[in-house]
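Peer 1: What follows is a predicted structure for the sequence shown.
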Amino acid sequence: MRIPMIAGNWKMNTTVSEATELINEIGPGLEEVEGIEKVICPPFVSLCAAGDLVQESTIKLGAQNVFYEEKGAYTGEVSAPMLAELVEYVIIGHSERRQYFHETNEIVNKKVKAAKKAGLKPILCVGETLKEREAGQTKEVVTGQVKESLAGVEKLNGLVIAYEPVWAIGTGKAATGKQANETIGLIRSAISQLYGKDIAQKTRILYGGSVTPANVVEFMKEPEIDGALVGGASLKAIDFLSICTQTASLGK
Ligand code: PEP
C-alpha cells in the first residue's frame, strides 16, 4: 500500500562537479533497483545539473529547503514556484534548520503550505532532542510538531513525514528499529486523528538518523517504517546503493 522511499539528503556537500560525479556513480546501479522510490536531494546550486542527469531515469529529485514567500525582495532565498520547475520533493523542517536557522513550527507550517501550493511534495521532518526523550516528552514533542506544521493544511496529497530524532542525526547513534517504529506509530495516530485512518495508512513515514547499509534492514523490517532519509551515507555511492538495494529486496 505504501511504496518505500529512500531519500538522500546531501546537506551542504558537493560542488556542481562533485554532484555530477556522484550522480554518475550511483545512477546506473540505482536504475536497477525496482519497487522503491529513490530520491536525491543535492544542494540548490546543483539541481539544474542533477535534473539533466536524472531526466531519463527513475531517480527523483528533492530540494533541502524552501522559502515561504513566492517572490520578491528576499535576497538569497529560493521559492516554491522556482523549485517546482526542478524537483518533486522538498525537505522542510530539518532539525539542522530548526537548530541553526531558528525555524519554528510556525515557519515550517508556512513552508509546507507554500510548497504544496506550488505542487511540491514536502518531506516534513520532526524529531525530539535527547533531553526531550530523557524527560519522557517524545510523544508530546513529535506529535506537537506534526500538528503545528500541518495546521490549516487540508490535504496531504503525497506529503511524506520523516521521523528524525535529533540525537541520532549525524552522530552514528541510530535509534533502534523498535524505538523508531514506536514513535512512527504515534505519528501515524496523530495523522489519523487529523485526516482519518485511510489517509494515515497511505502516508509514508520515514526514519532518519545514522542509517547505514549495516542497519537499514533493522528499520525497514518494522511495519510502521516506510523508508529512510539518509544523510552521511547518501554521499557514498556504494553505501547509498546498498541501502536502496537492501530496502528493495525486502519487497515491502
Ligand atoms: C539527515 O540529515 O537527515 C540525516 C538523517 O543524517 P545522517 O544520516 O547523517 O544521520
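Peer 2: Now that the structure is in, tell me what you want to look at.
Peer 1: C-alpha only now, for contacts and for neighbours.
Peer 2: Noted.
Peer 1: Give me the neighbour count for Gly76.
Peer 2: When neighbours are defined as other C-alpha atoms under 10 Å, Gly76 has 6 of them.
Peer 1: Same question for Glu96.
Peer 2: Neighbours around Glu96, by other C-alpha under 10 Å: 13.
Peer 1: Look up how far Glu103 lies from it.
Peer 2: Distance, Glu96 to Glu103, by C-alpha to C-alpha, to the nearest Å: 9 Å.
Peer 1: try Leu47
Peer 2: 23 Å.
Peer 1: Any idea what Ile205 is bridged to?
Peer 2: On the basis of DSSP bridges, Ile205 is bridged to Ile161.
Peer 1: Quick one, grab the pLDDT at it.
Peer 2: pLDDT recorded at Ile205 is 98.
Peer 1: Repeat that for Glu70.
Peer 2: So Glu70 comes in at 98 (pLDDT).
Peer 1: For the closest residue to it other than its chain neighbours, name its beta-bridge partners.
Peer 2: Leaving aside its chain neighbours, Glu70 sits nearest to Ser79 (5.4 Å; criterion: C-alpha to C-alpha, 6 or more residues apart in numbering). Under DSSP bridges, the beta-bridge partners of Ser79 are Phe67.
Peer 1: didn't Ser79 look like it was pressed against Ala63?
Peer 2: No - between Ser79 and Ala63 there is no contact under C-alpha atoms under 8 Å: 10.9 Å.
Peer 1: More neighbours: the two, which one.
Peer 2: Ala63 (29 against 20).
Peer 1: Against Val87, how distant is that one?
Peer 2: From Ala63 to Val87 the distance is 7 Å (C-alpha to C-alpha).
Peer 1: which residues do these two both contact?
Peer 2: Leu47 (C-alpha atoms under 8 Å, 6 or more residues apart in numbering).
Peer 1: what's the span of stretch 88-102, first residue to last?
Peer 2: Start-to-end, stretch 88-102 (C-alpha to C-alpha) is 25 Å.
Peer 1: Count the neighbours of Ala49 for me.
Peer 2: 15.
Peer 1: so it touches Glu21, yeah?
Peer 2: No - with contact defined as C-alpha under 8 Å, Ala49 does not reach Glu21; the gap is 10.8 Å.
Peer 1: joint contacts of Ser79 and Ala63?
Peer 2: In contact with both Ser79 and Ala63: no residue, using C-alpha under 8 Å, 6+ apart.
Peer 1: returning to what we had before: just list the residues touching the residue nearest to Glu70, thanks.
Peer 2: Val66, Phe67, Tyr68, Glu69, Glu70, Lys71.
Peer 1: repeat for Glu70
Peer 2: Counting by C-alpha under 8 Å, 6+ apart, the residues that Glu70 touches are Ser79, Ala80, Pro81, Ala114.
Peer 1: Who are the packing partners of the helix or strand encompassing Val142?
Peer 2: Secondary structure assignment for Val142, by DSSP states H and E: helix 138-149. In terms of contacts (3 or more C-alpha pairs under 8 Å, 6 or more residues apart in numbering; DSSP states H and E), helix 138-149 is packed against helix 105-117, strand 121-126, helix 177-195.
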